[in-house]
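S.K.: What follows is a predicted protein model with its sequence.
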Amino acid sequence: MSGFDKVVGSYEEAMAGLEDNMTVIAGGFGLCGIPENLIKEIRRRGTRGLTMVSNNCGTDKYGLGILLVDKQIRKMVASYVGENALFEAQMMSGELEVELTPQGTLAEKMRAGGAGIPAFYTATGYGTPVGEGKEVREFNGRHYILEEAIQGDFSIAKAWKADRFGNLVFRKTARNFNPMAVTAGRIAVVEVEEIVEVGALDPDEIHLPGIYVNRLIQGTFEKNIEQRTVRSA
Amino acid sequence: MSGFDKVVGSYEEAMAGLEDNMTVIAGGFGLCGIPENLIKEIRRRGTRGLTMVSNNCGTDKYGLGILLVDKQIRKMVASYVGENALFEAQMMSGELEVELTPQGTLAEKMRAGGAGIPAFYTATGYGTPVGEGKEVREFNGRHYILEEAIQGDFSIAKAWKADRFGNLVFRKTARNFNPMAVTAGRIAVVEVEEIVEVGALDPDEIHLPGIYVNRLIQGTFEKNIEQRTVRSA
Amino acid sequence: MALTREQLAQRVAQEFQDGYYINLGIGIPTLAANYIPEGVEVMLQSENGLLGMGPFPREDEVDPDLINAGKQTVTMARGAALFSSADSFAMIRGGHVDLTVLGAFEVDCQGNIASYMIPGKLIKGMGGAMDLVAGADNIIVTMTHASKHGESKLLRECTLPLTGRGCIKRVLTDLALVDIEDGRFILRERAPGVSVEEIARLTAGELVIPEVVPEMTFR
Amino acid sequence: MALTREQLAQRVAQEFQDGYYINLGIGIPTLAANYIPEGVEVMLQSENGLLGMGPFPREDEVDPDLINAGKQTVTMARGAALFSSADSFAMIRGGHVDLTVLGAFEVDCQGNIASYMIPGKLIKGMGGAMDLVAGADNIIVTMTHASKHGESKLLRECTLPLTGRGCIKRVLTDLALVDIEDGRFILRERAPGVSVEEIARLTAGELVIPEVVPEMTFR
């Protein structure tokens, strides 16, 4: 048995160690490429007081939205939180704290968290509510604000395929925030549609090396669609 | 003819507009994955006073080293400049200015230059000659220095395959600095071993999208090896 | 006559040039993809991680792993590339997208834009809008010139929380095409049948009216 | 007897644990790959952009597109992954590598390391060394304990320009294995046949000598 085999036997094992008041970074955009079953496992565990970092908070029925039912989320860091009535209610009542972060800044904060960059400057948000209280600095005559990296106690992500060493391949726009989320978690848990033998993936086509992955599990996915939009044939 | 067709007809055309005293960012690590023919074209043009940004400066005979013969480089930004007698001579005589930059910081400065990040903090180089004169800042009890992005008037890079839209695929460790170099040049010129039809590359396996590429040319490569190291069969 | 949604989309598309990489916001900007001029090829960037967005899928092509920034199912165009959201916003923030089109609540003559939040109403978030307006050199804002109650949305100073500061240079409304230069609106074109006087009346920020203000034309 | 290069490599390899991702510097650290303990699997990171470095190639396997950070031709191990240098140093700087082994000219009891430059001599550059020492939690420095002239390289304070500040916790020399804690060297092991006194004589920085200092063992 290799020390690089990241596969765990159950979702319970995958999320072992998750405790109240931890910070969890989640991949996914809308309901696309979300770690469905890891989210359900957090629901099952009943962990509370969580700070969730994810571009969206799912819908009332799917994705991170299901963690709102029992008020498991204390604070949400996201760029867009529409399509969710429970979210709205808890935010309005003050039970749920929300930190709105521009989408690109959020992606870069996760990347920075994984890459040992504690902070970076960006023009995004300068002169807006997002820039309030943040350092402003001029480079080449333009204003930028200082943004700090995000790291999580856990990160949860979804990939398409993986080998047992945790080398990951994503599929189409289900990639989105998943690679950065994985890098920014102290314990990175990834669920995939298929686990292949080590050596089966072309090293040039691996999107994220297994070094970032702590636990790996194969699951089945509902893959709900938020806006099923088609054209007539 | 599509506005996205990046293929140019000659190396002369590929480097058209390169002028004295410009900054050029070059991909490659040692002699691996270097834009051999684009470098030769710079040699042929006799452009002078160049600031070259690249991890290494080639050897006496190959790579960026050939630009030293006619003293075309005024300043070199690199992490490692051994294996080059001409380089040493010109540096010692003061004809060649050298800015040593740690390898990872150099890679990140190029990425930042392409990604609209004007500056970032890193622990690399804190308390060393690299950190001298740079802002020091503490995050979570650790010291970091501020490093600024690098951008070039031109960038020159080498990929393995491309489609005519400039979507790039790299091969093995010849990838190295090439993707970031491409993103950080105002005019990004890429030479490849093979140009394939648009649609022939799997969108999930493209390492760098064509949006970053301005000019594309197919060449033949010597691919010299610095340290041919083998084991007995 | 004020422009219809379709006409707004059509006029936006006239700004498309061959070889442009374009990010189109939700709503009217997205509609513009239906009016790409003859002989012009553009590639659409979707900020969740796709360059080269194709049309909506046919029933049998629907793929939950392939959506656009509006979370609609889409397809890929020939020559498309996929990447992470960090790489996508590196592309946007780094100024590599040639044209960005998005909607707004308000724009002012300093080039400020407010588009993501109305205090007191539900806050849904800015998504990628702040990154898009900060990253692009070339932005067209599309919106109605005034509210239903006749209140101008082209202001001396935005009243709503800003999405970006000093980044807007061109606004297309249902009444006019307006540039922003040196702290003033410049009237460039008017909608067919709309008078310069009406536009002036519904523009709260300083408006420069050149001698000739042509009517927009549609093919 | 001072350790040979091979013994140094062997002793370093005893620090390898199953499942470790390891970056080995040029020279003795690279040799350690030949002494990986039984039952232990490690993956070698090469900072130019490869995780899962294999042995040197056979003649017919040589590929100019596949080299290590020392610019030597290499192969890939099973389960290897390739990536850009930016992604490689994100991995290193982000602390994801479990163990880094590299050489040095000097180390001091503050955990400082000097390894890339001797003023007055030709400056070749730091390559990835500064990133490696800044990014890793777990570093082993391998070097000779003293110069040929008997001058200690384990100093109170480094005299050469630093590669990194306060980042070294363990040094393996040809004479001893030494930890650095609270501004002092702690003698952990001695080379077979080398006396504590000799090590103390050749250590310029403050050295703590525990009651028992075992000899290193080699299988």
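M.R.: Nice, thanks for sending it over.
S.K.: switch to C-alpha atoms for all contacts and neighbour counts from now on
M.R.: OK.
S.K.: The residue nearest to C:Ile118 when sequence neighbours are not counted: neighbouring residues, count only.
M.R.: Nearest in space to C:Ile118, with sequence neighbours left out and distances taken as C-alpha to C-alpha, 6 or more residues apart in numbering or on different chains, is C:Leu160 at 6.4 Å. Applying other C-alpha atoms under 10 Å in any protein chain shown, we find 16 other residues in the vicinity of C:Leu160.
S.K.: and C:Gly54, what is it in contact with?
M.R.: Counting by C-alpha atoms under 8 Å, 6 or more residues apart in numbering or on different chains, C:Gly54 touches C:44, C:74-77.
S.K.: Out of the helices and strands in chain C, which is least certain?
M.R.: Least confident element among the helices and strands of chain C, by mean pLDDT, DSSP states H and E: helix C:28-31 (a mean of 91).
S.K.: For chain A, which segments count as strands?
M.R.: According to DSSP state E, chain A carries its strands in the segments A:23-26, A:50-53, A:73-78, A:97-100, A:119-122, A:136-139, A:142-148, A:152-163, A:168-169, A:185-196, A:215-218.
S.K.: Could you say which one of those comes nearest to chain C?
M.R.: Set against chain C and scored by C-alpha to the nearest C-alpha, the strands of chain A come closest in strand A:97-100, at 6.1 Å.
S.K.: Not counting sequence-adjacent ones, nearest residue to C:Leu162?
M.R.: In this structure, C:Leu162 finds its nearest non-sequential neighbour in C:Ala114, 4.3 Å apart by C-alpha to C-alpha, 6+ apart.
S.K.: got any ranges where the chain has weak pLDDT?
M.R.: In the absence of a named chain, this looks at chain A. Where chain A drops to pLDDT under 70, the residues are A:1, A:233.
S.K.: remind me, longest helix of chain A?
M.R.: helix A:103-115 (DSSP state H).
S.K.: Pick out the residue in chain C sitting closest to chain D.
M.R.: Counting by C-alpha to the nearest C-alpha, chain C gets nearest chain D through C:Asp87, at 11.9 Å.
S.K.: Name the nearest residue to C:Gly52, sequence neighbours excluded.
M.R.: C:Ala80 (4.2 Å).
S.K.: Tell me which helix or strand that neighbour sits in.
M.R.: If you go by DSSP states H and E, C:Ala80 is part of strand C:76-82.
S.K.: Check C:Tyr116 and give its pLDDT.
M.R.: Looking at C:Tyr116, its pLDDT stands at 93.
S.K.: Surely it is in contact with C:Gly125?
M.R.: Yes: C:Tyr116 lies in contact with C:Gly125 (C-alpha atoms under 8 Å); the separation is 6.4 Å.
S.K.: hang on, C:Gln7 is in a helix, isn't it?
M.R.: Yes: under DSSP: H, G, I helix; E, B strand; the rest coil, C:Gln7 falls within a helix.
S.K.: which residues touch it?
M.R.: Neighbouring residues of C:Gln7 by C-alpha under 8 Å, 6+ apart: C:Phe218.
S.K.: Now do the contacts for the residue nearest the centre of chain A.
M.R.: In chain A, the centroid-proximal residue (C-alpha atoms, centre = their mean) is A:Ala26; its distance is 1.9 Å. Contacts for A:Ala26 were tallied using C-alpha under 8 Å, 6+ apart; they are A:34-35, A:52-54, A:155-157, A:177-178, A:181.
S.K.: Tell me the residue of chain A that sits nearest chain B?
M.R.: Among all residues of chain A, A:Phe120 sits closest to chain B, at 4.2 Å; criterion: C-alpha to the nearest C-alpha.
S.K.: Let me see the contact set for that residue.
M.R.: Residues in contact with A:Phe120, defined by C-alpha under 8 Å, 6+ apart, are A:146-149, B:117, B:119-121.
S.K.: Write the PyMOL selection for whichever of those residues are buried.
M.R.: Those of the contacts of A:Phe120 that count as buried under 16 or more other C-alpha atoms under 10 Å in any protein chain shown are selected in PyMOL with:
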select buried, (chain A and resi 146+147+148+149) or (chain B and resi 117+119+120+121)
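S.K.: number of nearby residues for the closest residue to A:Ile73 other than its chain neighbours?
M.R.: Counting by C-alpha to C-alpha, 6+ apart, the nearest residue to A:Ile73 once its immediate chain neighbours are dropped is A:Leu50, at 4.7 Å. Close neighbours of A:Leu50, defined as other C-alpha under 10 Å, add up to 20.
S.K.: for C:Arg201, same thing?
M.R.: C:Arg201: 13 surrounding residues under other C-alpha under 10 Å.
S.K.: What of the one 3 residues further on?
M.R.: For C:Ala204, the number of neighbouring residues by other C-alpha under 10 Å comes to 19.
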